[in-house]
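**Q** My questions are about this predicted structure, shown below with the sequence.
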Number of protein chains: 2
Amino acid sequence: MTAAANQSGRRPTTTSRRLERAGIRDVAAAAGVSITTVSDALNGKGRLPDETRSRVREVAERLGYRPSAAARTLRTGRSGLIGLTVTTYGEEPFTFTEFAYFAEMARAATSAALGRGYALVVLPASSRHDVWSNVALDGTVVIDPADQDPLVSELYRSGVPVVSDGKPGNCPVTAWVDNDHEAAVLGILEHLSEAGARRIGLLTGTSTDTYTRLSTEAYLGWCTRVGQEPVYEAYPAHDPAAGAVAADRLLARPDRPDAVYGLFDPNGTDLLAAARRYGLRVPDDLLLVCCSESDVYAGTEPPITTLSLKPRRIGTTVVNLLIDAIEGVDSGAGLTPDTPTAGARLFPPRYRTAGTGPPPGTLMPTELIVRASSQRRSPRTTVSPPRAPGEV
Amino acid sequence: MTAAANQSGRRPTTTSRRLERAGIRDVAAAAGVSITTVSDALNGKGRLPDETRSRVREVAERLGYRPSAAARTLRTGRSGLIGLTVTTYGEEPFTFTEFAYFAEMARAATSAALGRGYALVVLPASSRHDVWSNVALDGTVVIDPADQDPLVSELYRSGVPVVSDGKPGNCPVTAWVDNDHEAAVLGILEHLSEAGARRIGLLTGTSTDTYTRLSTEAYLGWCTRVGQEPVYEAYPAHDPAAGAVAADRLLARPDRPDAVYGLFDPNGTDLLAAARRYGLRVPDDLLLVCCSESDVYAGTEPPITTLSLKPRRIGTTVVNLLIDAIEGVDSGAGLTPDTPTAGARLFPPRYRTAGTGPPPGTLMPTELIVRASSQRRSPRTTVSPPRAPGEV
DNA sequence: CGGTCGTGAAGAAACGGTTCTGCCGAGCCG
DNA sequence: CGGCTCGGCAGAACCGTTTCTTCACGACCG
């Protein structure tokens, strides 16, 4: 009885094994070859006649064989997984202001990764090692890394390629991609000037991330260059309610601006509401531009000019750079001087393994979507723009 | 010569191993214990005195030891990864209309998973096996599964727990969560009736997913019950441009409704724009409600009443159900045929491994956020609502 | 005083693939 | 005719954990 129970319960000979799942050994046995042959046949390696190859494939298909991802990863050192690291505010991944940007960027990144055979794992930077070390990553994308992100440093040090969205402060990365924020801000200021703005204000954030810093600096620099007194209000951008208050403050100032650029997505509606409260007409009394990926600004009254950071392009580029780094260099020592086999030319082989020196960065252009809020129907005074003689 | 080459070529003694990364053996050697002890000490298993435990931990820390996720997964059969499967339209994961919903839901799901030590892998359903079989999943969440999704079926058959967001059509799942769409629609219709609507129209979709189907059926059922002729327009919801056209069509009909419910996120702005074109004032001439997670409708002119599906709650619930299933049952073996729970119940019951019978479903409530667009400032005719004598 | 129990720890077998090495036979060239 | 190469395939090591089993040893109890 005990023996019987034992026998049927523990190891019903080969029966239970069959039931569980088909392994490579089962396929080999069924096809009458060795497991080496099965592996080679399925992976297109080795030297096998086509007949053997197709027969093995067919048997594998019939048995519903699925190779174990874990075993493959263990042996080859490649998991096919790349991380998508987002900063967290409080408990939740990514902030409200980044919402649309993040969603678009993640969408494109997922798509790009999948197109090259990788899957994306979403990993907030705040999660502790128990999660991080539990997943084998071939590399990771970091969105807007903190200045001295310990996580990024550790990953980089242990040989995991890291590509950041947003120019990194002090942490080492394999490569980075960012918008040309300075050019973007200058372009907007110029655009507003051409539309007749005399005093341009800025709605900015108090946090120290690269985007906020670079944009604000560009604004301040422009102010000193053209001789305008800076008019700006800063608020904690991750607080959804604070934006409306800051917008109100900005328009309540004695030196009220006649044009405003808001750095964050909700600023457009906030500024519009504030303008309404003060009886300011847009664009007649106040020109408005904000940075946003949302298309609601096409339908507001009036439609608001927005700056798009083109997150889709960013996401795609970041992922492609990362995968290039993963595939271009064998983790650790191996430099690959020779291009071994053809077939890897689907993508422009532009990427190079940087030896030393600063990590390679790529600046991506932004796009200004001009709508009614930044165009005076009838230019009132036609103030001469500070600089731009060539174009209207 | 062969022997010499073999000996020196294969194993450069311990040097290279040290350089690469610290393994469990290195920790064991450094701590003067066996690898068993290291494993037990680090994982809190076995019977070890606290002194040994802490010493091993300290050594591991000093060496910067990180256990190999792949090896652990291979041995334990658990990867700590759960899939987040989204349907794809064209090349890209998740559609525009689902944007806000998906982002919120994914956010909550990521958070919930992380809180229980799991990470999320985003896996569009369209990607072929090369990606799917390359990642070891402990289970997966499926958003709005297709009626006979082959992927879901295969996963389920191979013993991977599957929990769906959206009541599944014909594919077997471990459990599912959905909103009570019928109750939601009826609630809105009642709300509009109470606000004085005489003829309520619907803006719906042409696709056959559960949400669209259930909502439309609820509307049609209500119409026959209260004796109103159905007034609705359907359009392909995944086409961003088609919504505006459909909204226009709906308001251009000879039997123009005096209240409209739009099933999809952009319908609110579309309907508002259409109303403006026809000179209809909202809410005086037209009552408006749409289903949306976006808070832009708090700032439109006028603010629009929205139905929130509470994606955060859904995401959290789905993930928790999935992890319960993963941890509650050892993959494959244990069937628990007792009490095959039937049908759907409101709110998370304790999870049970369904032996046979329908998978356990949970219906989650929605929330109607009432704003100006569905409330007449001065009730014009006060038509008696069809059914609701008790309240207001 | 001998057996049993409990404690602490080591040894070794998996886990399921990939891949290095080597064997065997057949052609080919000298 | 013999060595050499090359195609076709099998054997076995290996990846780095977890975990099952075993073992030593001191204390306690009968």
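**A** Structure received. This structure is a prediction, so every number in the text was calculated from the model and none was measured.
**Q** Tell me where chain A has helices.
**A** In chain A, the helices defined using DSSP state H lie at A:2-9, A:13-20, A:24-31, A:35-43, A:50-63, A:69-76, A:99-115, A:129-132, A:150-157, A:181-194, A:210-226, A:242-252, A:267-277, A:311-328.
**Q** Adding mean pLDDT, distance to residue B:289 and mean neighbour count, write these out as JSON lines.
**A** For every residue, glycine as well, the C-beta is placed using N, CA and C. As requested, these are arranged in JSON lines below (pLDDT from 0 to 100; distance: least, C-beta to C-beta, whole Å; neighbours: other C-beta atoms under 10 Å in any protein chain shown):
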{"stretch": "helix A:2-9", "mean pLDDT": "33", "distance to residue B:289": "59", "mean neighbour count": "9"}
{"stretch": "helix A:13-20", "mean pLDDT": "43", "distance to residue B:289": "52", "mean neighbour count": "12"}
{"stretch": "helix A:24-31", "mean pLDDT": "94", "distance to residue B:289": "57", "mean neighbour count": "18"}
{"stretch": "helix A:35-43", "mean pLDDT": "94", "distance to residue B:289": "55", "mean neighbour count": "17"}
{"stretch": "helix A:50-63", "mean pLDDT": "93", "distance to residue B:289": "51", "mean neighbour count": "15"}
{"stretch": "helix A:69-76", "mean pLDDT": "95", "distance to residue B:289": "46", "mean neighbour count": "18"}
{"stretch": "helix A:99-115", "mean pLDDT": "88", "distance to residue B:289": "23", "mean neighbour count": "23"}
{"stretch": "helix A:129-132", "mean pLDDT": "80", "distance to residue B:289": "41", "mean neighbour count": "15"}
{"stretch": "helix A:150-157", "mean pLDDT": "84", "distance to residue B:289": "45", "mean neighbour count": "17"}
{"stretch": "helix A:181-194", "mean pLDDT": "97", "distance to residue B:289": "37", "mean neighbour count": "21"}
{"stretch": "helix A:210-226", "mean pLDDT": "96", "distance to residue B:289": "37", "mean neighbour count": "18"}
{"stretch": "helix A:242-252", "mean pLDDT": "95", "distance to residue B:289": "25", "mean neighbour count": "19"}
{"stretch": "helix A:267-277", "mean pLDDT": "93", "distance to residue B:289": "21", "mean neighbour count": "23"}
{"stretch": "helix A:311-328", "mean pLDDT": "95", "distance to residue B:289": "31", "mean neighbour count": "23"}
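**Q** any chance of those helices in JSON lines, with distance to residue B:257 too?
**A** Below are these laid out as JSON lines (distance: least, C-beta to C-beta, whole Å):
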{"stretch": "helix A:2-9", "distance to residue B:257": "66"}
{"stretch": "helix A:13-20", "distance to residue B:257": "58"}
{"stretch": "helix A:24-31", "distance to residue B:257": "62"}
{"stretch": "helix A:35-43", "distance to residue B:257": "59"}
{"stretch": "helix A:50-63", "distance to residue B:257": "55"}
{"stretch": "helix A:69-76", "distance to residue B:257": "53"}
{"stretch": "helix A:99-115", "distance to residue B:257": "32"}
{"stretch": "helix A:129-132", "distance to residue B:257": "51"}
{"stretch": "helix A:150-157", "distance to residue B:257": "54"}
{"stretch": "helix A:181-194", "distance to residue B:257": "42"}
{"stretch": "helix A:210-226", "distance to residue B:257": "45"}
{"stretch": "helix A:242-252", "distance to residue B:257": "34"}
{"stretch": "helix A:267-277", "distance to residue B:257": "28"}
{"stretch": "helix A:311-328", "distance to residue B:257": "37"}
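**Q** Quick one: closest of the ones you listed to residue B:253.
**A** Among the helices of chain A, helix A:267-277 comes nearest to residue B:253, with 31.9 Å by C-beta to C-beta.
**Q** how is chain A carved up into domains?
**A** Split into domains by automatic domain parsing, chain A comes to A:12-67, A:81-173+A:312-333+A:347-364, A:181-309+A:368-374.
**Q** between these, which one is nearest to residue B:81?
**A** Residue B:81 lies closest, by C-beta to C-beta, to one member of the domains of chain A: domain A:81-173+A:312-333+A:347-364, at 6.3 Å.
**Q** rewinding a little: quick check: which of the domains of chain A is nearest to residue B:131?
**A** Using C-beta to C-beta, the domains of chain A put domain A:81-173+A:312-333+A:347-364 closest to residue B:131, at 5.6 Å.
**Q** picking that back up, I'd like the domains of chain A as CSV, with distance to DNA strand D appended.
**A** Listed next are the domains of chain A as CSV, based on distance: least, C-beta to the nearest atom of the strand, whole Å:
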stretch, distance to DNA strand D
domain A:12-67, 3
domain A:81-173+A:312-333+A:347-364, 10
domain A:181-309+A:368-374, 35
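**Q** In a markdown table: those, plus distance to residue B:290.
**A** Output for the domains of chain A, formatted as a markdown table (distance: least, C-beta to C-beta, whole Å):
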| stretch | distance to residue B:290 |
| --- | --- |
| domain A:12-67 | 43 |
| domain A:81-173+A:312-333+A:347-364 | 19 |
| domain A:181-309+A:368-374 | 13 |
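**Q** which one of those lies closest to residue B:49?
**A** Residue B:49 sits nearest to domain A:81-173+A:312-333+A:347-364 of all these, at 24.0 Å, using C-beta to C-beta.
**Q** any bit of the closest one sitting next to DNA strand C?
**A** No - for domain A:81-173+A:312-333+A:347-364, no contact with DNA strand C is found by C-beta under 7 Å from any atom of the strand; the gap never falls below 11.2 Å.
**Q** For burial, what's the neighbour tally of residue A:227?
**A** Residues near residue A:227, counting by other C-beta atoms under 10 Å in any protein chain shown, number 7.
**Q** Ok, which of the domains of chain A comes nearest residue B:326?
**A** Of all the domains of chain A, domain A:81-173+A:312-333+A:347-364 comes closest under C-beta to C-beta, at 14.0 Å.
**Q** Residue B:76: which of the helices of chain A is closest?
**A** Closest among the helices of chain A, using C-beta to C-beta: helix A:69-76, at 9.1 Å.
**Q** what's that closest one packed up against?
**A** helix B:69-76 (3 or more C-beta pairs under 8 Å, 6 or more residues apart in numbering or on different chains; DSSP states H and E).
**Q** how about the helix it packs on as PDB, C-alpha atoms only?
**A** Extracted in PDB, the C-alpha atoms of helix B:69-76 (Å, rounded to 0.1, in the frame of the first residue of the first chain):
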ATOM      1  CA  ALA B  69      18.000  35.000 -11.800                       C
ATOM      2  CA  ALA B  70      18.200  32.500 -14.600                       C
ATOM      3  CA  ALA B  71      19.600  29.700 -12.500                       C
ATOM      4  CA  ARG B  72      17.100  30.300  -9.700                       C
ATOM      5  CA  THR B  73      14.300  30.300 -12.200                       C
ATOM      6  CA  LEU B  74      15.500  27.100 -13.800                       C
ATOM      7  CA  ARG B  75      15.700  25.400 -10.500                       C
ATOM      8  CA  THR B  76      12.600  26.700  -8.800                       C
END
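**Q** Contacts for that helix next, please.
**A** A:68, A:70-71, A:73-74, A:79, A:133-136, B:79-80, B:136 (C-beta atoms under 8 Å, 6 or more residues apart in numbering or on different chains).
**Q** for stretch A:234-248, same thing?
**A** Contacts with stretch A:234-248, where a contact means C-beta under 8 Å, 6+ apart, come from A:89, A:95-97, A:203-207, A:212, A:216, A:233, A:262-264, A:266-267, A:270-271, A:273-274, A:277.
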